[in-house]
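Visitor: coordinates only, sequence not included:
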């Protein structure tokens, strides 16, 4: 574009962005020695509308009074009588959160927490000045090239002491980040910004927005109903403690949320400090300068710190908290042997405790049964005592008590043989001694006289097959588990008890045409502890073929994956974003002697993509020699 000057001071160099209200230019302030600035110029068709000019002026007034390192600075506004309405602001070299997350989502949730921490600092400062932002979203947050976070666009911000500004027939703000009371048209307070910060935190830690719907009406209904999946179910590396912070910020009722941005900021800072991150501002600068190396180091630091928290929870007998910590470590580092060992020991201890409790329950039950039997026996004796017998009018002579001889008494030889065995330490089951009733008391029937008690051999009874505990961890939680032909309606939380030998397990995602069925055969050991079996859902691979006129190498996201004109298999890790929209890759094709071809494309699971890249073959130099002719 041809350079243009506004009010003989601000030169417009190039357009760097545009929106529904204004166009943003990079420019120069010639009155201050050519300082680089950003100029936000109101669209000409809106400059004639009073309401648009008021909103534009409101942004300048709101931001101009805020001085904070995380808030975009406003230097000047268009003077009265200027041909255009514009705001002069700090020019930030960097990219918005939306673009950053879409192109390269954060692999560790705490990176997103640190960014949300900085945005919350900016919002806290605005709230202290009695300014409500009302439009916090990823598009209004930038990361400067040195890692400093900047909150922008106070276009619909308002002071809480002024009258409410509305637009006829429209909601002011971004629907996906609006609080329920904002949608309902109620009076807003600082907790409306806390809700928007919750949506931002959810987006930064999971890569998706908490409220998604095919239409604006359905989206607003979901927000009003508080209908969203927990962050830890979308991204298991989030962990339960951080997911609870997000849930509280996104509470449907205002009284259930954090009372202020300061309260949310304190919670985020405590979460980071527990994990050894004491200065988020400095950490973000290091992250932005050396992202790959920093994230690798941060993952190592976090796993070590979370293992310490898990060990502390185990010592405090807080097994549920320890289990949550260990599950998060395994999500961050699935091959962490220390976490796997601690997890196995925790499960064994829980099984042992459960067995001990069952044993105590059996003992208590047996003791209670014994007491009841004793009471019944005492009652029977009491009923049979002479004191309880009914008094007869004409008592007869007392019946003499008969002494009942023992049936089948041992012979002298048997007694001597038993004494000899006892002396040698041999024990035998004692013979059953039965009292012989008087002949007059027994009815002379063949059934009674011939009744015998069979001797049961314990070796002839069936022996229960031993079973051993095996924990099966499945990700994501919506997957369906099938074990040895049996499909579970819900994923098991406790270890399964399986027989020793081979077992077949399968997981799949119901109603997912782009998902692969993951199937494995595993072995259960009887003589040693069985490790946890971890299964992750998998999307179908995409296939890419780069069609080029010359032979070259193909690079995807910086890695050499093959050569041109050949089929290349591209794995796509399972995530809700990849399942819905596919995986966006950075493609580079290198041919010797030619500048590399660079492009971006999105690969969907289970598809075959063809990309044509044209390289012009360099002409061969003309050969000259003794046989050549010159004209």
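Guide: Cool, got the structure. Predicted, not measured: the structure shown is a model, and the values here were computed from it. Numbering: from 1, shown residues only.

Visitor: wait, isn't residue 287 in contact with residue 295?
Guide: Yes - using Cβ atoms under 8 Å, residue 287 makes contact with residue 295 at a distance of 7.3 Å. Using the backbone N, CA and C atoms, a C-beta is placed for each residue, glycine as well.

Visitor: quick one, which of these two is more surrounded?
Guide: Counted by other Cβ atoms under 10 Å, residue 287 and residue 295 do not tie: residue 287 has more neighbours, with 23 against 16.

Visitor: Which helix or strand contains the more buried one?
Guide: helix 280-289 (DSSP states H and E).

Visitor: centre of the chain versus that helix, how much separation?
Guide: 24 Å (Cα atoms, centre = their mean, to the nearest Å).

Visitor: circling back to that earlier point, give me the common contacts of residue 287 and residue 295.
Guide: residue 111 (Cβ atoms under 8 Å, 6 or more residues apart in numbering).

Visitor: re earlier: average model confidence for the helix or strand that the helix holding residue 287 is followed by?
Guide: The helix or strand immediately downstream of helix 280-289 is helix 291-315, counting by DSSP H and E. Taken as a whole, helix 291-315 has an average pLDDT of 91.

Visitor: what about this structure, any weak spots by pLDDT?
Guide: Low-confidence segments of the chain (pLDDT under 70): 1-3, 155-173, 350-356, 380-464, 617-631.

Visitor: just checking, what's the longest helix in it?
Guide: The helix spanning the most residues in the chain, taking DSSP state H as the definition, is helix 337-384.

Visitor: what comes up buried for stretch 322-341?
Guide: By neighbour count on 16 or more other Cβ atoms under 10 Å, the buried set for stretch 322-341 is 322-333, 336, 339-340.

Visitor: distance of the residue nearest to residue 256 when sequence neighbours are not counted from residue 196?
Guide: Closest residue to residue 256 apart from its sequence neighbours, by Cβ to Cβ, 6 or more residues apart in numbering: residue 248 at 7.1 Å. Using Cβ to Cβ, to the nearest Å, we find residue 248 at a distance of 14 Å from residue 196.

Visitor: Equivalent analysis for residue 291, please.
Guide: 27 Å.

Visitor: Following the record's annotation, map out the domains of this structure.
Guide: Here the domain parsing of the chain from automatic domain parsing is 4-91, 95-163+171-276, 290-358, 468-538, 540-613.

Visitor: Quick one: those as CSV, columns for distance to residue 283 too.
Guide: As requested, the domains of the chain are exported to CSV (distance: least, Cβ to Cβ, whole Å):
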stretch, distance to residue 283
domain 4-91, 15
domain 95-163+171-276, 6
domain 290-358, 8
domain 468-538, 28
domain 540-613, 24
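
Visitor: among those domains, which is the most enclosed?
Guide: domain 95-163+171-276 (a mean of 19; mean count of other Cβ atoms under 10 Å).

Visitor: right, and residue 176 touches residue 137 too?
Guide: Yes - under the criterion of Cβ under 8 Å, residue 176 makes contact with residue 137 at 7.4 Å.

Visitor: which residues do the two both contact?
Guide: residue 199.

Visitor: What distance do you get for the closest residue to residue 118 other than its chain neighbours to residue 115?
Guide: For residue 118, ignoring the flanking residues on the chain, the nearest one in space by Cβ to Cβ, 6+ apart is residue 149 at 3.8 Å. Between residue 149 and residue 115 the computed distance is 6 Å (Cβ to Cβ).

Visitor: now residue 218
Guide: 29 Å.

Visitor: follow-up on the earlier one: just the closest of the buried residues of stretch 322-341 to residue 255, please.
Guide: residue 324 (27.2 Å; Cβ to Cβ).

Visitor: how many degrees apart are the strand or helix carrying the closest one and helix 291-315 in direction?
Guide: Element membership of residue 324, judged by DSSP H and E, is helix 319-332. Relative orientation of helix 319-332 versus helix 291-315 (axes from the mean of the first three to the mean of the last three Cα atoms, to 10 degrees): 160 degrees.

Visitor: Which residues does helix 319-332 contact?
Guide: Outside helix 319-332, the residues touching it (Cβ under 8 Å, 6+ apart) are 108, 236-237, 239-241, 299, 302-303, 306-307, 309-311, 313-314, 336, 339-340, 342-343, 346, 349-350, 473, 475, 534.

Visitor: What is the end-to-end distance of stretch 227-247?
Guide: 11 Å (Cα to Cα, to the nearest Å).

Visitor: Show residues contacting that stretch.
Guide: 108-109, 113, 198, 201-202, 205-208, 210-211, 221-222, 250, 264, 267-268, 271, 306, 324-325, 327-328, 331-332, 475-478, 575-576.

Visitor: Contact partners for the residue nearest to residue 256?
Guide: Neighbouring residues of residue 248 by Cβ under 8 Å, 6+ apart: 198, 256, 257, 258, 267.

Visitor: How about residue 216, nearest residue that isn't a chain neighbour?
Guide: residue 175 (5.8 Å).

Visitor: Kindly list the main-chain dihedrals of the one you found?
Guide: phi -50, psi -40 (degrees, to the nearest 10).

Visitor: List the residues that contact it.
Guide: Residues in contact with residue 175 (Cβ under 8 Å, 6+ apart) are 183, 216, 219, 220, 223.

Visitor: Using JSON lines, please lay out those residues together with distance to residue 231 and secondary structure.
Guide: What follows is these, written out as JSON lines (distance: Cβ to Cβ, whole Å; DSSP: H, G, I helix; E, B strand; the rest coil):
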{"residue": "183", "distance to residue 231": "22", "secondary structure": "helix"}
{"residue": "216", "distance to residue 231": "23", "secondary structure": "helix"}
{"residue": "219", "distance to residue 231": "18", "secondary structure": "helix"}
{"residue": "220", "distance to residue 231": "21", "secondary structure": "helix"}
{"residue": "223", "distance to residue 231": "16", "secondary structure": "helix"}
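
Visitor: what would these look like in JSON lines with distance to residue 79?
Guide: Shown next, in JSON lines, are these (distance: Cβ to Cβ, whole Å):
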{"residue": "183", "distance to residue 79": "38"}
{"residue": "216", "distance to residue 79": "39"}
{"residue": "219", "distance to residue 79": "41"}
{"residue": "220", "distance to residue 79": "41"}
{"residue": "223", "distance to residue 79": "41"}
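
Visitor: Okay, and which of the contacts of stretch 227-247 map to helices?
Guide: Using DSSP H, the contacts of stretch 227-247 in helices are 109, 113, 198, 201-202, 205-206, 221-222, 264, 267-268, 271, 306, 324-325, 327-328, 331-332, 576.

Visitor: any idea which of the contacts of residue 175 is closest to residue 127?
Guide: Checking the contacts of residue 175 one by one against residue 127 (Cβ to Cβ), the nearest turns out to be residue 183, at 21.1 Å.

Visitor: Would you agree residue 37 is in contact with residue 9?
Guide: No - using Cβ under 8 Å as the test, residue 37 is too far from residue 9 to be in contact (10.2 Å).

Visitor: Can you list the neighbours in contact with stretch 97-108?
Guide: By Cβ under 8 Å, 6+ apart, stretch 97-108 touches 112, 115, 138-139, 141-143, 200, 203-205, 207, 237, 295, 298-299, 302, 332, 577, 584.

Visitor: Give me the distance between the two termini of that stretch.
Guide: For stretch 97-108, the end-to-end distance is 15 Å (Cα to Cα).

Visitor: Could you do stretch 42-53 as well?
Guide: First-to-last residue span, stretch 42-53, Cα to Cα: 8 Å.

Visitor: Off-centre distance for that stretch?
Guide: The answer for stretch 42-53 is 45 Å, by Cα atoms, centre = their mean.

Visitor: Same question for stretch 120-127.
Guide: For stretch 120-127, the distance to the chain centre is 28 Å (Cα atoms, centre = their mean).

Visitor: Please enumerate the shared neighbours of residue 149 and residue 115.
Guide: The contact sets of residue 149 and residue 115 overlap at 141, 143, 284 (Cβ under 8 Å, 6+ apart).

Visitor: and the second one, helix, strand or coil?
Guide: Yep, that's residue 143 we're talking about. strand (DSSP: H, G, I helix; E, B strand; the rest coil).
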